[in-house]
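Peer 1: using only what follows, build the 3D model:
(one chain, ligands or ions: 7)
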Amino acid sequence: MKLNTIAALVSAASYVSAQQIAQDPGVQGPPLEIVHLYYNEFPTGVAVSSSNRIFSCYPAGLDANNTQYQVAELTGNSTETPYPNARINSPPGGSLNYSTYPVSSANYQNYFIGVQSVAIDPLERLWILDTGRALTPNGTLAPAVNGGPKLVAVDLATNTINRTILLPPTVAYPLSYINDVRIDLRPNVTASGQGVAYITDSSQMGTNGLIIVDLGTNEAWRHLDNSPTVRATRQHFKEVWGESVYFLPGPGLPYTYDPTGADGIAFLDGGDTIVWSPTGSRYLYSIANKYLLDNSLNSEITAQTNIRYLGEKGTSDGLMQDTNQYVYAGNFEQNAINIYNNRNNTVSTYVRDPRIGWTDSMWISNGYLYFVENQLWRSPSYFPGTDRRIKPYVLYRVPTADGGQRVAPMNITS
Ligand SMILES: *[C@@H]1O[C@H](CO)[C@@H](O)[C@H](O)[C@H]1NC(C)=O
Ligand SMILES: *[C@@H]1O[C@H](CO)[C@@H](O)[C@H](O)[C@H]1NC(C)=O
Ligand SMILES: *[C@@H]1O[C@H](CO)[C@@H](O)[C@H](O)[C@H]1NC(C)=O
Ligand SMILES: *[C@@H]1O[C@H](CO)[C@@H](O)[C@H](O)[C@H]1NC(C)=O
Ligand SMILES: *[C@@H]1O[C@H](CO)[C@@H](O)[C@H](O)[C@H]1NC(C)=O
Ligand SMILES: *[C@@H]1O[C@H](CO)[C@@H](O)[C@H](O)[C@H]1NC(C)=O
Ligand SMILES: *[C@@H]1O[C@H](CO)[C@@H](O)[C@H](O)[C@H]1NC(C)=O
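Peer 2: Ligands and ions are numbered 1, 2, ... in the order given. From the prediction side, this is the model:
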């Protein structure tokens, strides 16, 4: 080593103390408030009513031990009550049908099989999205059977079922995984005047697309099937908490890239625009609702040619819209939740915290953004195939940016 190099090192050591070296601050934005600790089942979704009642779901399709209930009301900081009742959460003989070969999911119309998402509409009905699929104990996701995939609305005032809409196998395929739902009750969106539901199909078997349901007639149809915008990006690789995220499709099968398609879905422009994002990607897309509502002969071609690419926003699962034209999206790799700002088409970090990783679903109520941290990538379906999740899973909340409220289209906002 040359003498002048040694001199430079000595001077570096004496003039720069550790505190002066720039580093990632790790936290940013409002502090996280813990709302609920999940010690029992593995949660995905959350919805909070206008009177701050909180509901979560626990899909049997993601954790074979989610056998006690699929939907619960969070009745205390760590207590949960099956919702709307214990009976509908207890399919006789369980969520799997072992009398078929290969094993299939149960076909019950009047029981929950595997609930992935919950959402509340402006009439205070809880919409429960049942994938109709359950995981076998060895990690095989059993196909859905007619009767399983459905939307169930529960009136929160009476805790009774308002309606059940079955999604037939021509719309929710046996290998579909209907993932998330947003409700638009504006009377002008369909001829029936009863509103519409938009649902993502995130299937890890590639049957991705968006499903539209007329809540008056119960008719349902698909759009954007096979569009790259609803599918995972080829060889998509992400890391969460410094850990590699590869996917294990089933017992005895080799690892692959995260194949999860269109997952998060949200509104912009008061419901006139729909945004979505595949979880096996970093991309955000949108389309005007009229292209999805149209189910005429040319509607699929027209829809595919009217998709907008809104850019990258990090890797995320659920999305949530607010009245500021902000779309909240997780950013798993930066321990963050980001905002896509539709006013200037930019993405910015809203909150960062080392406790943030896989942000599953989000919900806005009374000026707070609620979000579920569930360590999904540490479950046995991901590399290295062992269960590395550590309970409790956590429901957090932070104030929304700039006082944003939930967009709940009904010609009013609430
Ligand atoms: C279910 O729980 C049992 C007992 O705690 C555990 O051995 C098993 O690995 C769990 N299965 C899954 C799929 O998480
Ligand atoms: C829940 O936690 C909050 C904050 O720690 C506390 O004020 C409240 O008393 C707790 N509620 C119950 C039912 O334990
Ligand atoms: C199980 O599968 C058999 C054969 O298809 C069918 O008859 C039965 O109704 C199914 N039961 C449930 C609960 O899915
Ligand atoms: C379902 O909810 C709507 C809106 O609140 C209400 O008008 C209707 O009567 C309800 N139907 C049933 C069967 O409860
Ligand atoms: C429904 O009415 C709203 C105004 O309340 C308008 O912005 C929207 O474009 C209309 N949607 C359709 C599909 O006509
Ligand atoms: C996984 O379990 C199911 C249901 O018991 C069984 O049908 C299937 O053969 C098993 N698969 C493997 C690879 O062990
Ligand atoms: C976009 O607008 C937001 C406020 O609405 C602002 O905070 C942000 O800096 C803007 N981004 C850019 C790149 O101009």
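Peer 1: C-alpha from now on. contacts and neighbour counts both.
Peer 2: OK.
Peer 1: and the residue of the chain found nearest ligand 3, how many neighbours?
Peer 2: Using CA to the nearest ligand atom, residue 106 is the residue of the chain that sits closest to ligand 3, at 3.4 Å. In terms of burial, residue 106 registers 30 neighbours under the definition other CA atoms under 10 Å.
Peer 1: surely it meets residue 143?
Peer 2: No. Residue 106 sits out of contact with residue 143 when judged by CA atoms under 8 Å, with a separation of 9.2 Å.
Peer 1: any idea how far the residue of the chain closest to ligand 3 lies from residue 118?
Peer 2: Noted for residue 106: a distance of 20 Å to residue 118, by CA to CA, to the nearest Å.
Peer 1: list the contacts of the spatially most central residue of the chain.
Peer 2: Here the mean C-alpha position of the chain is nearest to the C-alpha of residue 318 (CA atoms, centre = their mean), at a distance of 3.3 Å. Shown here is residue 318, whose contacts under the criterion CA atoms under 8 Å, 6 or more residues apart in numbering are 180, 263, 264, 265, 329, 330, 359, 360, 361, 362.
Peer 1: for the fifth one, identify the helix or strand it belongs to.
Peer 2: Under DSSP states H and E, the secondary-structure element containing residue 329 is strand 326-331.
Peer 1: using PDB, list the CA coordinates for that strand.
Peer 2: Output in PDB follows, covering the C-alpha atoms of strand 326-331 (Å, rounded to 0.1, in the frame of the first residue of the first chain):
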ATOM      1  CA  TYR A 326     -55.000   8.600  -4.700                       C
ATOM      2  CA  VAL A 327     -54.600   4.900  -5.000                       C
ATOM      3  CA  TYR A 328     -52.800   3.300  -2.100                       C
ATOM      4  CA  ALA A 329     -50.600   0.300  -3.000                       C
ATOM      5  CA  GLY A 330     -48.200  -1.800  -1.000                       C
ATOM      6  CA  ASN A 331     -44.500  -1.600  -1.900                       C
END
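Peer 1: report the mean confidence score over it.
Peer 2: In this model, strand 326-331 has an average pLDDT of 98.
Peer 1: residues in contact with the helix or strand just after that strand: which ones?
Peer 2: Downstream of strand 326-331, the first helix or strand assigned by DSSP H and E is strand 336-341. Strand 336-341 has contacts (CA under 8 Å, 6+ apart) with 313-314, 325-331, 346-353, 356-357, 359.
Peer 1: picking that back up, same for the strand holding residue 329, what does it pack against?
Peer 2: Other elements packing on strand 326-331 under the criterion 3 or more CA pairs under 8 Å, 6 or more residues apart in numbering; DSSP states H and E are strand 262-268, strand 319-321, strand 336-341, strand 359-365.
Peer 1: looking at these, which one is packed in the most?
Peer 2: For those, average neighbour numbers computed from mean count of other CA atoms under 10 Å are highest in strand 262-268, which has a mean of 29.
Peer 1: where does the prediction get shaky in the protein?
Peer 2: Counting by pLDDT under 70, the chain contains low-confidence ranges at 1-19, 411-414.
Peer 1: how long is stretch 193-207 from one end to the other?
Peer 2: Across stretch 193-207, the terminal residues are separated by 30 Å (CA to CA).
Peer 1: relative to the whole chain's centre, how far out is that stretch?
Peer 2: Distance of stretch 193-207 from its chain centroid, counting by CA atoms, centre = their mean, to the nearest Å, is 12 Å.
Peer 1: ok, and for it, which residues are buried?
Peer 2: Residues of stretch 193-207 classed as buried by neighbour count (16 or more other CA atoms under 10 Å): 194-204, 206-207.
Peer 1: show me the contacts for the closest residue to residue 57 other than its chain neighbours.
Peer 2: Beyond its immediate neighbours in the sequence, the residue positioned closest to residue 57 (CA to CA, 6 or more residues apart in numbering) is residue 71, lying 4.3 Å away. Residues counted as contacts of residue 71 (CA under 8 Å, 6+ apart) are 55, 56, 57, 58, 82, 83, 84, 89, 115.
Peer 1: just the CA atoms of stretch 132-146, as PDB, please.
Peer 2: Taking only C-alpha atoms (Å, rounded to 0.1, in the frame of the first residue of the first chain), the coordinates of stretch 132-146 have been written out as PDB:
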ATOM      1  CA  GLY A 132     -64.800 -21.700  -3.700                       C
ATOM      2  CA  ARG A 133     -61.300 -23.100  -3.400                       C
ATOM      3  CA  ALA A 134     -59.500 -24.800  -0.500                       C
ATOM      4  CA  LEU A 135     -55.900 -26.000   0.100                       C
ATOM      5  CA  THR A 136     -55.300 -29.700   1.000                       C
ATOM      6  CA  PRO A 137     -53.000 -30.300   3.900                       C
ATOM      7  CA  ASN A 138     -50.200 -31.200   1.500                       C
ATOM      8  CA  GLY A 139     -50.400 -27.900  -0.300                       C
ATOM      9  CA  THR A 140     -52.600 -28.700  -3.400                       C
ATOM     10  CA  LEU A 141     -55.100 -26.000  -4.200                       C
ATOM     11  CA  ALA A 142     -58.200 -28.000  -5.000                       C
ATOM     12  CA  PRO A 143     -60.300 -26.800  -8.000                       C
ATOM     13  CA  ALA A 144     -63.600 -25.000  -7.500                       C
ATOM     14  CA  VAL A 145     -66.900 -26.700  -8.200                       C
ATOM     15  CA  ASN A 146     -70.200 -24.900  -9.200                       C
END
